[in-house]
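>>> Next come a sequence and a model predicted from it.
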Protein chains: 2
Amino acid sequence: MRTSKYLLSTLKETPNDAEITSHQLMLRAGMIRKLASGLYTWLPTGLRVLRKVENIVREEMNHAGSVETLMPVVQPSELWQETGRWDKFGPELLRIADRHDRSFVLGPTHEEVITDMVRNEVKSYKQLPMNLFQIQTKFRDEVRPRFGVMRSREFIMKDAYSFHLDKASLQETYAEMHKAYCNVFNRMGLDFRPVLADTGSIGGSGSHEFHVLAQSGEDLIASSTDSDYAANIEKAEAVAPQAQADAPTQTMTQVATPNAKTIADLVSQHGIAIEKTVKTLFFKASDAVEAPIVALMVRGDHELNEVKAEHLPEIASPLEMAEEEEIRAIVGAGPGSLGPIGLTVPLIVDRAVAVMSDFGAGANIDGQHYFGINWGRDVELGQVADIRNVVEGDPSPCGHGTLQLTRGIEVGHIFQLGDNYSEKMKATVLGPDGKSQVMQMGCYGIGITRVVAAAIEQNHDKFGIIWPDAIAPFQVAIVPMNMHKSERVKAAAEKLYAELTAAGIDVLFDDRKERPGVMFSDMELIGIPHTIIIGDRSMDEGNFEYKHRRTGEKTPVAMDSIIEHIHSVIA
Amino acid sequence: MRTSKYLLSTLKETPNDAEITSHQLMLRAGMIRKLASGLYTWLPTGLRVLRKVENIVREEMNHAGSVETLMPVVQPSELWQETGRWDKFGPELLRIADRHDRSFVLGPTHEEVITDMVRNEVKSYKQLPMNLFQIQTKFRDEVRPRFGVMRSREFIMKDAYSFHLDKASLQETYAEMHKAYCNVFNRMGLDFRPVLADTGSIGGSGSHEFHVLAQSGEDLIASSTDSDYAANIEKAEAVAPQAQADAPTQTMTQVATPNAKTIADLVSQHGIAIEKTVKTLFFKASDAVEAPIVALMVRGDHELNEVKAEHLPEIASPLEMAEEEEIRAIVGAGPGSLGPIGLTVPLIVDRAVAVMSDFGAGANIDGQHYFGINWGRDVELGQVADIRNVVEGDPSPCGHGTLQLTRGIEVGHIFQLGDNYSEKMKATVLGPDGKSQVMQMGCYGIGITRVVAAAIEQNHDKFGIIWPDAIAPFQVAIVPMNMHKSERVKAAAEKLYAELTAAGIDVLFDDRKERPGVMFSDMELIGIPHTIIIGDRSMDEGNFEYKHRRTGEKTPVAMDSIIEHIHSVIA
């Protein structure tokens, strides 16, 4: 491609409304432009990357035995009513009406459509397992679209769905897809991690997320120092301490703490160690409990894990904190003075809290705490559960090493859905015994557009993007210096461009009448991995100059071995 | 691909609701399934064809210097308001509201979005010409979607847009795109014809449609017997007869014709030749005319061309027939008795009518006609224009040969838009003189999904589809007979499958436990061009059997030269 026939559209200035690096660089490198909130046009440079990502995903899906299909963006509401998601799905599900006032949705995902298709087409267990995928535009009407294509409203996903006679077959395909996903991200040259994940609202029994590691990631990942265990912090188990609670050494004392509204206040004003404090939080109860609210306790230096809390059968889903008035009416005090003593509602304590001794907590009297509390002696130990976020140094649940925390950007997610959808939609096949049987399902997503942004978050420097070779918009840039004055430079550049292109290499030939500095900084901003600089001075010595984007190193390369050199650095 | 791991989904019966051959065969061959009215899921076999069509289009667009982009499906209403199409476009434009109640459309086309993008990114004439394309899902809320993907609501189009400093540059790119389109359809192996077209509601000055020729086509194409002239019948000029009107030989006579309501009645009841009759039709007038209605006259054996009529400045657009009451109030008679004598509203006669003599027409008195009418003597010849459809045998407007009529399916359309959109949207660049100048635009569409259906309309027989090699879902089918009993057949089939696949050929290996007859008819229905049949009997003679789908011929081919044979028939 010649820049003169291309829409380069690089920007010198960082646009004001772009908060994160990838968004800034995608705008500056001329990859995307905003059409409206959460809607982006992919300019040629962006689309080249997108298509490379798409092709790698397609190839690996094919390789893993998934068969490509294509389902409509616009889906009839009836199918969403069958699974109950027409009502359950929030306003992210954009509901529309056609000219005949029939209801449709802009598909944010395709479980309903694929299950409908498979229940119509697949009749016998002999056709199973069946694994189908598509690469398609999706729409999610985010309340606050942000971070460019990282959280846009219209985006491209690869979504695959597998169908099985039994769970064993589902698990087999799930393992194959796990492997295929590793192949995908390895081929893209990304530093990633598959992590255990919560299954969230999609439901099902097993799930992994695939994260591109980047400091700007929204997600925290806990991984073992000594094994390949890794989990989203939402899911990472805080294992039960092996030690028992120490024997009491203090008597329980009521202390006036009128100015201590927070744990930090308590520690600084009353000299109590933070590990000897607890936080007591109240949430709406589920129908499984007679009381309207339930108390949860975590250590003062720990954080409640809301996903774990929401999974407790005693707690209403979605998780909702109790209001102060309600707490006050039942417990007799407000936030800042709450604790386990004299509680009349169910109490669930974190595993770390269960082994505390001589600890302090609110007295359920405003402005008062008890210090020196001990379980059993002073108050019954309630139900014990894992309800906190893990912290660095916690023992790994796998039994090997301790946990460390890193940040990641979720780019893929695989689920064992089980019969969650197939049961509701009566997706059955005839089994070997001739009886109708509900199929087991898996689903497997990759955020194609998101991968592009995540790759940039992981691969950039102050000059711009640093593409891994496999997903670079162009593999090689040719930058001729003063081509419009030097016939020799022009001829060499044209020849090299023709030869590299003929060799099947994606080349951007910067044939603009621009100063070399402008060309260099554009090529760096766009992040082309390999640049060949052609100039009279180096040609006098029989060389071109090769520059490697990631290291920034410049090397003279003999003119007649440049093709060979490029092949070697690309391979 | 092995059928055992594939979703074949062929049907024996023709579904009731499919009217045309391509729709029937796409359902029966397991290419598509209906999700809702005008919404189709592409099953694996259909998608394989779709992707091949898409890739040929992409390659030829790249080759022609068009650069790929990707614009959102969902577009903000503001841009449509700028061009006035928010109001003008009918209910085919699906208008939707997001969660914040902002208005959007599901894009049926992208002129507004691309023009907005280009006016922001392109500042100087030096960046022109610019040619951009995308392959993207579009939505048109058809009132009555039908014929499967031939007229669906959601479909895939390749749409390209070019931007220019002047008309000369636009015409140059237009010619290049014309050539690229010919390359596209030639590569697909389709019998097609580029034809002059009316520019319709999109506007602009020059336009060609690309039609796949098929007897089931909705469009009539007029083409010269002796040149490459071809035009949609909407556009094909009926040239003015060279002869003048003959001198009168009859006197004008009023004749009672109480039972002649139609031209056919007149001919049969009164012995007048149909070429001596005329039809007089009344339409609402435009503001350019003082009268409320205008009369148009065509010969009794000719048809009015509504597109030509609508283009007359005297006629209101969109074309609307005058109501009987209105005609009666002004003319004094109703349909069946209308004619030129004594008319008080403007009269526009077809070129063929202008050279008639001694002809008959309604007397503008119910139940009465005049025979023996002659222009000049009996009534002033009104304005003369080309307002009829051409018929077979008309002289070609190119000056060579006569016209013949064939049927076609429109699969592509190219337009010189001029400044139609760029003027309204103020899409300007700085010209060489430093002054701001509105860009000239062209637009170029190919209905990717439609091509698939059109190819089938042109290429099928009673057994099913006959794919041209370039767009076949699989190039080769391997049909082993009794593989599950014969180890030798199984081994040969597996070996051949591995070898052909390794050679980069798309092979469908029918490894199902089915009777040979079922496998043969499935492969024929799907339309795979080349089938290799492996069976014990032919192997005893050292052969496989090769079958060519189009000719139906079966040829024994020596086992050790089968790969060579396949390469030769594919090439």
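Yep, that arrived. Numbering: from 1, shown residues only, chains lettered A, B, ... in the order given.
>>> use CA for all of it now, contacts and neighbours both
Will do.
>>> Show me which residues of the stretch 51-200 of chain A are close to chain B?
A:65, A:67-76, A:91-92, A:94, A:96-99, A:113, A:117, A:121, A:127, A:130, A:141, A:143, A:154 (C-alpha under 8 Å from any C-alpha of the partner chain).
>>> at 6 Å what do you get?
Contacts of the stretch 51-200 of chain A with chain B, taken as C-alpha under 6 Å from any C-alpha of the partner chain, map to A:E68, A:T69, A:L70, A:M71.
>>> Which of those residues fall in strands?
Using DSSP state E to define strands, the subset of these located there is A:E68.
>>> Contacts for the helix or strand hosting A:E494 next, please.
Applying DSSP states H and E as the criterion places A:E494 in helix A:487-502. Applying C-alpha atoms under 6 Å, 6 or more residues apart in numbering or on different chains, the contact partners of helix A:487-502 are A:M483, A:G535.
>>> Quick one, grab the pLDDT at the closest residue to chain B within the stretch 251-400 of chain A.
Using C-alpha to the nearest C-alpha, the closest approach of the stretch 251-400 of chain A to chain B is made by A:P318 at 21.2 Å. According to the model's per-residue confidence, A:P318 sits at a pLDDT of 88.
>>> Tell me which strands the top strand by length along chain A pairs with, and in which orientation.
Across chain A, the strand with the greatest residue count (assigned by DSSP E) is strand A:403-418. Here strand A:403-418 is paired, per DSSP bridges, with strand A:206-213 (antiparallel), strand A:219-224 (antiparallel), strand A:440-447 (antiparallel).
>>> Okay, and the beta partners of A:Q404?
Here A:Q404 sits in beta bridges with A:S223, as judged by DSSP bridges.
>>> what stretches of chain A score poorly on pLDDT?
For chain A, residues meeting the criterion pLDDT under 70 lie at A:200-205.
>>> centroid residue for it?
Centroid check for chain A by C-alpha atoms, centre = their mean gives A:E410 as the closest residue, at 1.4 Å.
>>> List the single closest residue to that one in space, sequence neighbours excluded.
Once flanking residues are discounted, A:E410 sits nearest to A:H211: 4.4 Å by C-alpha to C-alpha, 6 or more residues apart in numbering or on different chains.
>>> Please give the number of neighbouring residues around that neighbour.
Using other C-alpha atoms under 10 Å in any protein chain shown, A:H211 has 27 other residues around it.
>>> can you list contacts of stretch A:421-441?
By C-alpha under 6 Å, 6+ apart, stretch A:421-441 touches A:83, A:119, A:123-125, A:162-166, A:417-419.
>>> What count of nearby residues applies to the nearest residue to A:R146 once chain neighbours are set aside?
Computed as C-alpha to C-alpha, 6+ apart, the closest residue to A:R146 that is not its neighbour in sequence is A:S152, at 6.4 Å. A:S152 has 21 neighbouring residues, counting by other C-alpha under 10 Å.
>>> picking up where we left off before, I'd like the next helix or strand past the helix holding A:E494.
Secondary structure here is assigned by DSSP H and E; on that basis, the next helix or strand after helix A:487-502 toward the C-terminus is strand A:507-509.
>>> helices or strands up against that following strand?
strand A:476-480 (3 or more C-alpha pairs under 6 Å, 6 or more residues apart in numbering or on different chains; DSSP states H and E).
>>> let's see it at 8 Å
Using 3 or more C-alpha pairs under 8 Å, 6 or more residues apart in numbering or on different chains; DSSP states H and E as the contact definition, the elements that strand A:507-509 packs against are strand A:476-480, helix A:487-502.
>>> Pick the most buried one from the ones you listed.
Relative to the other members of those, strand A:476-480 carries the highest mean neighbour count by mean count of other C-alpha atoms under 10 Å in any protein chain shown, namely a mean of 26.
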